[in-house]
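Undergrad: just a sequence and a predicted model for now, questions to come.
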Amino acid sequence: MTMARKTPSNEHPIGRIAGLFGLRGELKCDPTSAGRAVFLRGAELRLELDGRSERVRIASVREHGGRLLVALDGVPDATAAQRYVGGEFFAPREALDVADDEYLDVDLIGCAVVATDGHSYGDVQRVEHYPASDMLIVGGRMLPMVRAFVREIDMAAKRIVVDVPPGLLDDEGERA
């Protein structure tokens, strides 16, 4: 397996390699919720590390403690697998398990966040994932991505309409 330069594509991150497991070359992988279903024996994925990328084939995969343990073809032991620690797996969007009312981080980043009255809070800078909910980062502030606040997501317009309490995305009284 040779590393090649990363090329632009329609691929999305589906899991990060957190470390080694045992002596047989298995890698501890933290998959994304949309990417979990892509990790199947025989699947060909792109693995990226330090700005370099290569195509890999999954030799085996199994669940362990909430993570996936992934072995790659041609990687017989922990010594050979060590070079992949910290890497990230990518797959084409069409391979991902994304429902009609679900979004990838890349879909949301750059969307304008506006109040129901039209007030603009700014654009989504990034998405952070927490156990209670995903958070949209807008103007350095965290917006929980929950139905109580998010009223509409219009991907065609790259716009998210929200109804939030004063002070969540702006200083209290700023709009008064």
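TA: All right, it came through fine.
Undergrad: the helices in this structure, which residues?
TA: 78-81, 105-108 (DSSP state H).
Undergrad: listing partners with orientation, what would you give for the longest strand seen in the chain?
TA: Identified as the longest strand of the chain according to DSSP state E is strand 52-64. Note on strand 52-64: by DSSP bridges, its sheet partners are strand 4-5 (antiparallel), strand 44-49 (antiparallel), strand 67-72 (antiparallel).
Undergrad: outline the domain layout of this protein.
TA: 4-95, 105-162 (automatic domain parsing).
Undergrad: now those domains in a markdown table, with mean neighbour count and distance to Asp171?
TA: Quick note: C-beta positions are derived from backbone N, CA and C, even for glycine. Output for the domains of the chain, formatted as a markdown table (neighbours: other CB atoms under 10 Å; distance: least, CB to CB, whole Å):
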| stretch | mean neighbour count | distance to Asp171 |
| --- | --- | --- |
| domain 4-95 | 16 | 34 |
| domain 105-162 | 15 | 10 |
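Undergrad: ok, which of these comes nearest Leu168?
TA: Nearest to Leu168 among the domains of the chain is domain 105-162 (6.8 Å), distances taken as CB to CB.
Undergrad: for that closest one, how far is the first residue from the last?
TA: Terminal residues of domain 105-162 lie 18 Å apart, using CA to CA, to the nearest Å.
Undergrad: let me see the contact set for Val162.
TA: The contact partners of Val162, taken as CB atoms under 8 Å, 6 or more residues apart in numbering, are 113-116, 121, 143, 149-151, 169.
Undergrad: from those, which is closest to Tyr84?
TA: Looking across the contacts of Val162 and measuring by CB to CB, the closest to Tyr84 is Leu143, at 34.5 Å.
Undergrad: so which of the helices of the chain comes closest to Leu40?
TA: Using CB to CB, the helices of the chain put helix 78-81 closest to Leu40, at 19.0 Å.
Undergrad: between the helices of the chain, which gets the lowest average pLDDT?
TA: Least confidently modelled of these is helix 105-108, at a mean of 87 by mean pLDDT.
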